[in-house]
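Visitor: here is my input, please return the structure:
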Amino acid sequence: MTRLEALLDAIAAYNGFRDPESPAYQARNPLMLKEFEGGVYRDRLRRFNSIIHGLQAGLFDLHVKCSGKSNAKLAPENLQGLVRVYSLPDGTAHYAARFLRKALHDSTITETTELKYFVEKTNGIR
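Guide: Predicted coordinates:
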């Protein structure tokens with residue numbers, strides 16, 4: 001598991017992705033990514049043909065954002081800023097940090113952990 005995968009899992013868990021009645025599950029879209037058309041995000045949820053496509057799109061989106069290459073203007077460039085970009089409540093950053101501390105066995109992760117942490121390579125965890 002990579003740090004980026006754990007981050008996707010944290011947000012997907014918050015979105016209720018394992019609940020078959022949730023919008024995220026029904027759309028096969030763990031991050032609840034919005035449709036993007038003509039350079040503009042629409043207020044419609046993207047629907048994927050398979051869970052694999054939804055996961056791949058989510059990982060790509062997170063990689064772009066955590067690498068600092070996004071046009072999303074993340075401010076600050078940490079977990080708090082990331083959840084805001086996904087239009088999630090501020091408390092989601094606390095939930096994600098707690099999830100990530102357990103998943104990655106890293107007690108240093110907080111709401112202010114910089115996003116580059118999730119794309120940096122380390123021994124054993126990518």
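
Visitor: so which residue is dead centre in the protein?
Guide: By Cα atoms, centre = their mean, the chain has its centre lying nearest to residue 8, at 4.3 Å.

Visitor: my guess is that one meets residue 30, correct?
Guide: Yes: at 6.2 Å, residue 8 and residue 30 qualify as touching, with contact defined as Cβ atoms under 8 Å. Glycine gets a C-beta too; all of them are placed from N, C-alpha and C.

Visitor: picking that back up, please point out which parts of the host helix or strand of the residue nearest to the centre of the chain sit buried.
Guide: Secondary structure from DSSP states H and E places residue 8 in helix 3-14. The neighbour-count check on helix 3-14 (16 or more other Cβ atoms under 10 Å) flags 3-14 as buried.

Visitor: could you measure from the closest residue to residue 99 other than its chain neighbours over to residue 94?
Guide: Excluding its sequence neighbours, the residue lying closest to residue 99 (Cβ to Cβ, 6 or more residues apart in numbering) is residue 10, at 4.0 Å. Distance, residue 10 to residue 94, using Cβ to Cβ, to the nearest Å: 11 Å.
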